[in-house]
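# Quick one: sequence plus predicted model below, questions after.
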Amino acid sequence: MAKEKTSEKTTREEFKVAGHEILAKVKELIKEGNARRIIIKNEKGVTLIELPLTFGAVGVLLAPALAAIGALAALVANCTIVVEKKE
């Protein structure tokens with residue numbers, strides 16, 4: 001089984017946000033449209049939620065994920081949002 005190399009390059013950005021700012025920041029990143037994956041980590045660096053984004057995932061498909069992120073925001077004081085973007 002051969003592994004396929006892709007020519008797509010991705011970059012990673014990290015944002016430190018307070019718990020109450022998580023949902024707004026995630027919505028902003030989704031609206032920008034070039035994010036491929038959003039990962040939310042707690043203060044210890046443990047991944048709490050990973051949200052893969054595709055071109056077809058909009059509105060209704062993202063609603064459950066956004067609800068989960070909203071619930072998560074109530075549980076964490078500070079977190080890091082890692083965003084993988086296409087170059």
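Arrived safely.

# Enumerate the helices of the protein by residue range, in sequence order.
22-32, 63-75 (DSSP state H).

# Would you mind listing the buried residues in the first one?
Just to be clear, that refers to helix 22-32. Neighbour-count burial for helix 22-32 flags Ile22, Leu23, Lys25, Val26, Leu29, Ile30 (criterion: 16 or more other C-beta atoms under 10 Å). Any C-beta I mention is one placed from the backbone N, CA and C, and that applies to glycine too.

# and what of the longest one?
Residues of helix 63-75 classed as buried: Ala65, Ile69, Leu72, Ala73 (neighbour count, 16+ other C-beta under 10 Å).

# pretty sure Leu66 is in contact with Lys25, am I right?
No. Using C-beta atoms under 8 Å, Leu66 makes no contact with Lys25, being 11.8 Å away.

# Not counting sequence-adjacent ones, nearest residue to the most centrally placed residue in the chain?
In the chain, the residue lying closest to the centroid (C-alpha atoms, centre = their mean) is Ile38, at 1.7 Å. Once flanking residues are discounted, Ile38 sits nearest to Leu51: 4.5 Å by C-beta to C-beta, 6 or more residues apart in numbering.

# and the one you found, how many residues sit next to it?
20 (other C-beta atoms under 10 Å).

# Please give me every residue in contact with it.
The contact partners of Leu51, taken as C-beta atoms under 8 Å, 6 or more residues apart in numbering, are Val26, Arg37, Ile38, Ile39, Ile40, Ala65, Ile69.

# before we move on, what about Lys41?
Contacts of Lys41 (C-beta under 8 Å, 6+ apart): Thr47, Leu48, Cys79, Thr80, Ile81, Val82.
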